[in-house]
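**Student:** only geometry, no sequence info:
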């Protein structure tokens, strides 16, 4: 039986280009950067979003879902961030609607996926540097990862989500 409640969510992200190729590199140990590195990066893109969503627990999975907005460039899409309570270190982010994808975040691992847009699908590779999942205990999630669309520059992303009751 699913337990579900409406919530408010605050999402912050910092994104900037990095010199890396996830499709050819097995290890990206050099990608661990400090806050000073982020501050000195060329024009990091910062975004803060406050939105409403749904928090649910069903069959051992926790899920936070919300509708994307024009601010994210994915208006018309819904995002669901979920994990199994027995393995909080593996986060799945599913997007459906105008754009769709299934991203997997697992510390130290690379995962390939397809990002579908109204124009065409793109192959994506994600390398997760760190996962701090305290959704169940404190209502927070932090992801630090590098993402690359095949043929484009890789980007370092620091994503944080906070549930505000």
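**Tutor:** In hand now; what should we look at? Keep in mind that what you see is a predicted model, and the values were worked out from it rather than measured.

**Student:** okay, CA-based contacts and neighbour counts for the rest of this
**Tutor:** Noted.

**Student:** Next secondary structure element downstream of the helix or strand residue 89 falls within?
**Tutor:** Per DSSP states H and E, residue 89 falls inside strand 87-97. The helix or strand immediately downstream of strand 87-97 is strand 101-106, counting by DSSP H and E.

**Student:** Which neighbours in the sheet does the strand holding residue 89 have, and how are they oriented?
**Tutor:** Strand pairing for strand 87-97, determined by DSSP bridges: strand 77-84 (antiparallel), strand 101-106 (antiparallel).

**Student:** packing partners for the next helix or strand after the shortest one?
**Tutor:** As assigned by DSSP H and E, the chain's next helix or strand after strand 101-106 is strand 110-116. In terms of contact count using 3 or more C-alpha pairs under 8 Å, 6 or more residues apart in numbering; DSSP states H and E, strand 110-116 is assigned the packing partners strand 101-106, strand 121-134.

**Student:** now those strands as JSON lines including mean pLDDT?
**Tutor:** What follows is the helices and strands packed on strand 110-116, written out as JSON lines (pLDDT from 0 to 100):
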{"stretch": "strand 101-106", "mean pLDDT": "94"}
{"stretch": "strand 121-134", "mean pLDDT": "93"}
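
**Student:** Out of those strands, which is closest to residue 18?
**Tutor:** strand 121-134 (12.7 Å; C-alpha to C-alpha).

**Student:** could you check the angle strand 101-106 makes with the closest one?
**Tutor:** Strand 121-134 runs at 40 degrees relative to strand 101-106, counting by axes from the mean of the first three to the mean of the last three C-alpha atoms, to 10 degrees.

**Student:** Go through the next helix or strand after strand 121-134 and flag the buried ones.
**Tutor:** Sequence order places helix 135-138 as the next helix or strand after strand 121-134, per DSSP H and E. Neighbour-count burial for helix 135-138, counted by 16 or more other C-alpha atoms under 10 Å, picks out residue 135.
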